[in-house]
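> Build the 3D model from these lines:
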Amino acid sequence: MPVLARKKPASTWMPVQLTLILGVALVGHPVLADPVPVVSKPFSTLAIYPQRRAPATVVSDNHSRISAEISARILDIPVRVGERVKQGTLLLRLEQEDFKLTLTREKAALTALKAKLELAEYELKRARSLSKKQAVSEQLLKQRETDRDALLAEEQGQQAARAQAQRQIDKTQIRAPFNAVIVERLAQTGELASPGTALLRIIDTDNLELAAKLSPQQTRDLEHSFAAENTSTVSNAIEFVSAGQRYALTLRTITPVLDTRARTREARLRFTDKNPLPGATGQLVWSPQQASLPADLISQRDGKLGVFVQADNKAHFIELPRAKTGQPVISKLEPGTLIITKGRYRLRDGDTISRTNTDVAVP
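Down below sits the predicted model:
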């Protein structure tokens, strides 16, 4: 006899059907997740102002090679390497006998011209007197005036020749053009000095500047720091640190030229108090006036770096385009912005959060 199929009791398929129906209902109406507990603090209490540093060197406005303007033998070099000299100090003395002889000759020529000019003035005066009596011709009077004028012009030329001879004598004594240090002696006593040949090398000790190469970001930071320093009571915000000494600075200029190889610009700063030694090396140190966000508060989502902030009961991810992993980043967030400091690792943009005032149990 054929075996008849048995019908499944209702009790075996009803729970399965009910489960499917409930599952459909749950898909249409998902269960809301619990708010994520977080700790948040105002940006003003978290902001930091990390120091910026750049290598720098003390340079002088004048690093001069002192040379002769005339050809003469060196008689004396009364200064030595390492000495500090005042402006006007005698550096070299050159032989001047030949120039003295030239000056004597020019003076004699000028004296002779003055005698001729005196005679010409007398003859002109007499000719004018006789001309009034019509005792001399007009042509002779004109000749006397011409002779006098020619001698006057010759006298001016001779006076210039005498002054030039005197200047040649003055050039035999070479003096310091500014307060300086003798760096190198390039000539010796008894040698013949020629025009343009360097004899000494000196460095200006008064007009010193600090030169530093800055990246584009450092350039912006330094400009902002200097602007803020001029409008606040903060002093010595920009300093040069060398060999354990600190020197206050003020920004003179940042050159409007970009080094094409290093992609840097050169900053020139003046010392406001004491001066370091020319050629000293060290660090240009300043603190940016713009607040930075600490590196440990930067999060990464979808390949972008940013920070989570709290707005009402929601978490919002704010991208920081200039942020770099492991480095603080300058931020223009408002001081009162609530930064999520704990509980942010599992957050996504737009998550519902609950703020707590304690760090307990908040990862």
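
> tell me the domain boundaries of the protein?
Listed by automatic domain parsing, the domain ranges of the chain are 36-49+292-355, 52-60+206-286, 63-93+175-204, 97-170.

> Out of the ones you listed, which gets the lowest mean score?
In terms of mean pLDDT, the lowest-scoring of these is domain 52-60+206-286 (a mean of 87).

> That one: end-to-end distance?
Start to finish, the residues bounding domain 52-60+206-286 are 5 Å apart (CA to CA, to the nearest Å).

> starting at the chain centroid, how far to that domain?
Offset of domain 52-60+206-286 from its chain centre (CA atoms, centre = their mean, to the nearest Å): 6 Å.

> picking up where we left off before, okay if I get the domains of the chain as JSON lines plus mean neighbour count?
Using the backbone N, CA and C atoms, a C-beta is placed for each residue, glycine as well. As requested, the domains of the chain are exported to JSON lines (neighbours: other CB atoms under 10 Å):
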{"stretch": "domain 36-49+292-355", "mean neighbour count": "16"}
{"stretch": "domain 52-60+206-286", "mean neighbour count": "16"}
{"stretch": "domain 63-93+175-204", "mean neighbour count": "16"}
{"stretch": "domain 97-170", "mean neighbour count": "14"}
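
> Could you grab the helix/strand/coil label for Asp34?
Under the three-state scheme (DSSP: H, G, I helix; E, B strand; the rest coil), Asp34 adopts coil.

> next one: Ser131
Ser131 is classified as helix under three-state DSSP.

> Make sure it is actually in contact with Glu138.
Yes: shown here, Ser131 and Glu138 form a contact pair, counting by CB atoms under 8 Å, at 7.2 Å.

> Now do the shared contacts for those two.
Counting by CB atoms under 8 Å, 6 or more residues apart in numbering, no residue touches both Ser131 and Glu138.

> For the chain, just list every one of the helices.
10-28, 43-46, 97-132, 138-170, 216-230 (DSSP state H).

> For the first one, the averaged confidence score.
Yep, that's helix 10-28 we're talking about. Regarding helix 10-28, the rounded mean pLDDT is 43.

> From Ser60, how far off is Gly279?
Per CB to CB, to the nearest Å, Gly279 is found 8 Å from Ser60.

> Thr111 now?
Look at Thr111 and Ser60: by CB to CB, they are 48 Å apart.

> swap in Glu155?
46 Å.

> Also Glu95?
Separation of Glu95 from Ser60 (CB to CB): 32 Å.

> start to end distance for stretch 57-72?
Start-to-end span of stretch 57-72 (CA to CA) is 38 Å.

> Distance from the chain centre to it, please.
Using CA atoms, centre = their mean, the offset of stretch 57-72 from its chain centre is 23 Å.

> Numbering from 362 from now on, please.
In the new count, where the first residue is 362, that last one comes out as stretch 418-433.

> what do Gly640 and Ser421 both touch?
Residues within reach of Gly640 and of Ser421 at once, by CB under 8 Å, 6+ apart, are Ile564.

> circling back: Throw the helices of the chain into TSV and include distance to Arg709, thanks.
As requested, these are exported to TSV (distance: least, CB to CB, whole Å):
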stretch	distance to Arg709
helix 371-389	21
helix 404-407	21
helix 458-493	91
helix 499-531	85
helix 577-591	31
